[in-house]
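> Got a predicted model here, sequence first, then my questions.
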Amino acid sequence: MESNGVVLDQKPNRTALTKDDTPDAADEFLKVSNMTPAERIRYFFLKDRELNEDKLAAMSDKDREAIEQQIKDLILQQLGLENEDGKPDDAPAPAPEGDPVPLDATP
């Protein structure tokens, strides 16, 4: 474009008026910074596998359930909500060994 003898080399770029659909680093940072820790883990798990919520929803039930279980396990692991045995902290403890106590026992 030329105006009053000045040549301006105008190339389309990302502005508020011509924002493209590709998120930049700032957009992604804002999106991720507003997520809970579990949401961030889920987001990056899917992103690392080139998936998103729409692609996940389009999967077969079996595949989707497998991915959801992997995400759940990763969230528990990364948030430190697992015991050493790999079970969630809120998992019921096994019954103690020994003689069972009768239900009608009175002291």
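Okay, I see it. Computed from a predicted structure; not experimentally measured.
> Can you work out which other helices and strands pack against the host helix or strand of Glu68?
Taking DSSP states H and E as the definition, one finds Glu68 inside helix 61-78. Applying 3 or more C-beta pairs under 8 Å, 6 or more residues apart in numbering; DSSP states H and E, we find helix 61-78 packed against helix 37-48, helix 53-57. C-betas here are computed from N, CA, C, even on glycine.
> Same list (these) but as a markdown table, adding mean pLDDT.
Shown next, in a markdown table, are these (pLDDT from 0 to 100):
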| stretch | mean pLDDT |
| --- | --- |
| helix 37-48 | 95 |
| helix 53-57 | 95 |
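> Out of those, which gets nearest to Leu79?
Closest approach to Leu79 among these (C-beta to C-beta): helix 37-48, 6.2 Å.
> Now do that closest one: everything it contacts.
With contact meaning C-beta atoms under 8 Å, 6 or more residues apart in numbering, helix 37-48 is reached by Val32, Met35, Asn52, Glu53, Lys55, Leu56, Gln70, Ile71, Leu74, Ile75, Gln78, Leu79.
> Would you check which pair of those residues lies furthest apart?
The span of these, defined through C-beta to C-beta, is set by Lys55 and Leu79 at 24.8 Å.
> Go through the helices and strands packed on helix 61-78 and pick out the most buried.
Comparing the helices and strands packed on helix 61-78 by mean neighbour count (mean count of other C-beta atoms under 10 Å), helix 37-48 ranks first with a mean of 15.
> can you dump the C-alpha coordinates of that helix into PDB?
C-alpha atoms of helix 37-48 as PDB (Å, rounded to 0.1, in the frame of the first residue of the first chain):
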ATOM      1  CA  PRO A  37      -5.200 -29.300  38.500                       C
ATOM      2  CA  ALA A  38      -7.300 -32.300  37.400                       C
ATOM      3  CA  GLU A  39      -8.600 -30.500  34.300                       C
ATOM      4  CA  ARG A  40      -5.000 -29.500  33.400                       C
ATOM      5  CA  ILE A  41      -3.900 -33.200  33.700                       C
ATOM      6  CA  ARG A  42      -6.800 -34.200  31.500                       C
ATOM      7  CA  TYR A  43      -6.200 -31.400  28.900                       C
ATOM      8  CA  PHE A  44      -2.500 -32.200  28.500                       C
ATOM      9  CA  PHE A  45      -3.100 -36.000  28.500                       C
ATOM     10  CA  LEU A  46      -5.500 -35.600  25.500                       C
ATOM     11  CA  LYS A  47      -3.300 -33.000  23.800                       C
ATOM     12  CA  ASP A  48      -0.200 -35.200  24.000                       C
END
